[in-house]
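Undergrad: what's the 3D shape of this:
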Amino acid sequence: MVPYVRVALSLTIIAVSLCFTGAACSTGGASLVGDIYIRLDSGEVRRGADILVVLVPMTTDFTAKWQKLESDFKTEDDDAVAQCQRRPGWSGLICNERRIAYDKYSRSAIEIIRASQGISTRADINGHYGLRDIQPGQYFVFAALAFMESSVRRRVLSWKVPVLIKAGKATLDLAASNAQVVLDLNALNEK
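TA: Numbers count the residues shown, from 1 in each chain. So this is what the prediction gives:
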């Protein structure tokens with residue numbers, strides 16, 4: 001037998017052996033697909049093209065970090081609102097202290113997501129995404145969509161949606177109805 005054929009055959013046997021023992025093959029097989037879109041008040045539908053979708057395992061550690069982040073943000077946001085309300089003429093629309101807290105915790109949220117070792121994909125031009133070869137289990141799906149709601153108002157919808165992935169194909173659309181993260185996660189989309 002030619003030496004390079006022997007090496008190739010040996011590597012194939014090793015790879016197959018590792019696969020049967022579960023040491024080197026994805027034993028996933030589940031998938032998650034969906035669409036990202038919003039319907040504006042005008043009835044127009046905006047699709048989430050090129051939006052990053054991140055699937056994060058719902059571990060105890062991740063959940064604890066996220067709950068602490070939300071709790072700390074709520075406390076700091078409440079303090080910022082109280083500070084702004086003490087100002088004469090405060091209208092409730094502009095509060096620099098509140099923006100500072102919002103930005104700080106949005107950055108922290110993105111750091112937690114990126115450190116989670118989740119898997120990700122980008123939506124296509126029609127807002128369709130698909131994640132394949134996923135291990136069955138409980139996850140959070142994160143995504144964010146920034147858009148101009150009017151000529152002067154920028155809006156960001158962010159998602160943190162719990163999902164149970166079982167064998168086979170699961171579907172989860174991300175729309176205004178299930179957007180639930182207060183923080184701005186749009187920086188996830190930066191390449």
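
Undergrad: quick check, P88 in a helix?
TA: No - going by DSSP: H, G, I helix; E, B strand; the rest coil, the assignment for P88 is coil, not a helix.

Undergrad: give me phi/psi at it?
TA: Backbone torsions for P88, taken as degrees, to the nearest 10, come to phi -70, psi 140.

Undergrad: residues near it, how many?
TA: If you count neighbours by other Cβ atoms under 10 Å, P88 ends up with 4. No exception for glycine: its C-beta is placed from N, CA and C like everyone else's.

Undergrad: While we're on it, how confident is the model there?
TA: Residue-level confidence at P88 comes out at 78, pLDDT.

Undergrad: Ok, E70 next?
TA: 91.

Undergrad: what does the one 10 residues further on give?
TA: The score at A80 is 86. That number is its pLDDT.

Undergrad: Run through this structure and note the low-pLDDT ranges.
TA: 1-28, 90-94, 149-153, 181-189, 191 (pLDDT under 70).

Undergrad: residue ranges for the strands of it, please.
TA: Secondary structure of the chain (DSSP state E): strands at 30-35, 37-39, 45-47, 52-57, 119-122, 128-134, 137-148, 154-165, 169-171.

Undergrad: could you say what helices and strands the longest helix along the chain packs with?
TA: Ranked by residue count, the top helix of the chain under DSSP state H comes out as helix 60-85. Using 3 or more Cβ pairs under 8 Å, 6 or more residues apart in numbering; DSSP states H and E, the elements in contact with helix 60-85 are helix 96-115.

Undergrad: Run the angle between the helix it packs on and helix 60-85 for me.
TA: 170 degrees (axes from the mean of the first three to the mean of the last three Cα atoms, to 10 degrees).

Undergrad: which helices and strands does helix 96-115 pack with?
TA: Partner elements for helix 96-115 (3+ Cβ pairs under 8 Å, 6+ apart): helix 60-85.
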